[in-house]
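Enquirer: This is the structure alone, sequence omitted:
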């Protein structure tokens, strides 16, 4: 029954209830106050929990597998990758990749499978901007395929036997590590001061400043973790953005009006770019910011997270025993938050406008988690989604290639069932945006 099972249980038993997963007791938790306690209790009340297969495939030098002081130290080093200066340097290149990819969608005579195409787009951004890789198209496609094989087997039974999911994941990881080692060696040999603007450079420089020299193994695992964190989640959110805008043409029109009022629409239409795009300019687009927030509220890419209780503690009047698993639900919390003035099921970007109570709270809106393990790349993810939205509404018109909208699967990552969001993309004729 998927997500329907949990919402029916929540309606029957309330915001905290016990269920079972793979034969083990799991406490499922919804609601801003309860989630606040869990997310702020990282390292004290609860500890992050990932399947054994995930830890084996991604390795022990990652942010997700580290706890306590080691987690804090690694997060400090990685923070440089997502600093304002770093994000500013990524923007023009992200915009270039998005523009190039969308032009390809418009030139395609048949329909586009949006989720697959969004994965290609986000992998291209991750490979080029985060890792600084310049690849031939065939090499890029091979690498993307290998990466997808790694991710598909991250959550598998921990059986390292021939043909098992874990064995396939390890094989994909080894192929990627070999490739990354070669790319990192070349980067170190080049040592071009002009070229120090991708995430790997920021990681190496940041580690040195924190008195740490990273080993090749640490660099390879960091590189794979960066792509893993960005890949499916941003592809999911991009797909949801395209779907929800298609369902709400009035929102497209309002984004266009905002772009026109900032003289970005005409600029984008004339040259498919805004060479002087900056974080400051993006931050002025208040309505667009509300749209991205609402997309992530209605269809948060990750539906929840798992923790293990480090000690017995109380939640909403219930005792959570030490050693039990706790699963907090992002989607349920978004769907049931009492602060919303309009129905939570409706798509209403204006709910995030300044002055509305929805815009103020903290733990009723958690698409990026919260506390010590909140998503470190959230500013980058939002910038990518904003650039994609601007490119879409300025240069393309899109329509369904199927009789109806697809069903969305919500676990573990939100996406259309069977890649069912099939659309036709058409280039917009300059200055005829109102026809879209």
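Expert: Right, received. Where do you want to start? The model shown is predicted, which means the values in this text are computed figures rather than measured ones. Residues are numbered from 1 along each chain as shown.
Enquirer: helix/strand/coil for residue 184?
Expert: helix (DSSP: H, G, I helix; E, B strand; the rest coil).
Enquirer: Go ahead and confirm residue 427 touches residue 394.
Expert: No: if you go by Cβ atoms under 8 Å, residue 427 and residue 394 don't touch, sitting 10.8 Å apart. Glycine gets a C-beta too; all of them are placed from N, C-alpha and C.
Enquirer: These two: which has the busier surroundings?
Expert: Neighbour count, other Cβ atoms under 10 Å: between residue 427 and residue 394, residue 394 has more, with 26 against 14.
Enquirer: does the nearest residue to that one once chain neighbours are set aside belong to a helix or a strand, and which?
Expert: Take residue 394 and drop its neighbours on the chain: the residue closest to it by Cβ to Cβ, 6 or more residues apart in numbering is residue 268, 3.9 Å away. Using DSSP states H and E, the element containing residue 268 is helix 265-271.
Enquirer: Looking at that helix now, give me its mean pLDDT.
Expert: Helix 265-271 carries an average pLDDT of 70.
Enquirer: From the chain's centroid, how far away is whichever helix or strand residue 239 is part of?
Expert: In this assignment (DSSP H and E), residue 239 forms part of helix 216-247. Relative to its parent chain, helix 216-247 has a centroid offset of 5 Å by Cα atoms, centre = their mean, to the nearest Å.
Enquirer: Please apply the same query to stretch 98-112.
Expert: 22 Å.
Enquirer: cool, and stretch 281-301?
Expert: That offset, for stretch 281-301, works out to 14 Å (Cα atoms, centre = their mean).
Enquirer: next one: stretch 236-255
Expert: Centre-to-centre, stretch 236-255 and its host chain are 17 Å apart (Cα atoms, centre = their mean).
Enquirer: circling back to that earlier point, what's the neighbour count on the residue nearest to residue 394?
Expert: 20.
Enquirer: show me where the protein has strands.
Expert: 16-21, 24-29, 46-48, 112-113, 304-309, 313-315, 318-320, 325-329, 396-400, 408-409, 415-416, 422-427 (DSSP state E).
Enquirer: what about residue 377, neighbour count?
Expert: Residue 377: 21 surrounding residues under other Cβ under 10 Å.
Enquirer: pretty sure it is touching residue 79, no?
Expert: No: taking Cβ under 8 Å as the definition, residue 377 is not a contact partner of residue 79, at 10.4 Å.
Enquirer: need the contact list for residue 295.
Expert: 237, 240, 241, 244, 385 (Cβ atoms under 8 Å, 6 or more residues apart in numbering).
Enquirer: switch the cut-off to 10 Å
Expert: 237-245, 251, 301, 347, 349, 367, 385, 389 (Cβ atoms under 10 Å, 6 or more residues apart in numbering).
Enquirer: cool, residue 146 as well?
Expert: 171, 172, 173, 174, 175, 176, 179.
Enquirer: Surely residue 418 touches residue 402?
Expert: No: under the criterion of Cβ atoms under 10 Å, residue 418 makes no contact with residue 402, lying 11.0 Å away.
Enquirer: per-residue confidence for residue 419?
Expert: So residue 419 comes in at 95 (pLDDT).
Enquirer: I meant residue 62, not that one.
Expert: Residue-level pLDDT assigned to residue 62 equals 93.
Enquirer: Kindly check the end-to-end length of stretch 339-353 for me.
Expert: 14 Å (Cα to Cα, to the nearest Å).
Enquirer: May I see the buried residues of that stretch?
Expert: For stretch 339-353, a neighbour-count test (16 or more other Cβ atoms under 10 Å) marks 340, 344, 347, 348, 349, 350, 351, 352 as buried.
Enquirer: mind listing what the spatially most distant residue from the centre of the chain touches?
Expert: The outermost residue of the chain relative to its centre, with distances by Cα atoms, centre = their mean, is residue 317 at 33.5 Å. Contact partners of residue 317, counting by Cβ under 10 Å, 6+ apart, are 14, 16.
Enquirer: Local confidence estimate at it?
Expert: Residue 317 is given a pLDDT of 93.
Enquirer: repeat for residue 110
Expert: pLDDT, read off for residue 110, is 96.
Enquirer: And for residue 125?
Expert: For residue 125, the model assigns a pLDDT of 95.
Enquirer: What residues does it make contact with?
Expert: With Cβ under 10 Å, 6+ apart, residue 125 has these contacts: 90, 93-94, 96-98, 101, 227, 230-231, 234-235, 380, 384, 387-388.
Enquirer: Could you check how far it is from residue 199?
Expert: 11 Å (Cβ to Cβ, to the nearest Å).
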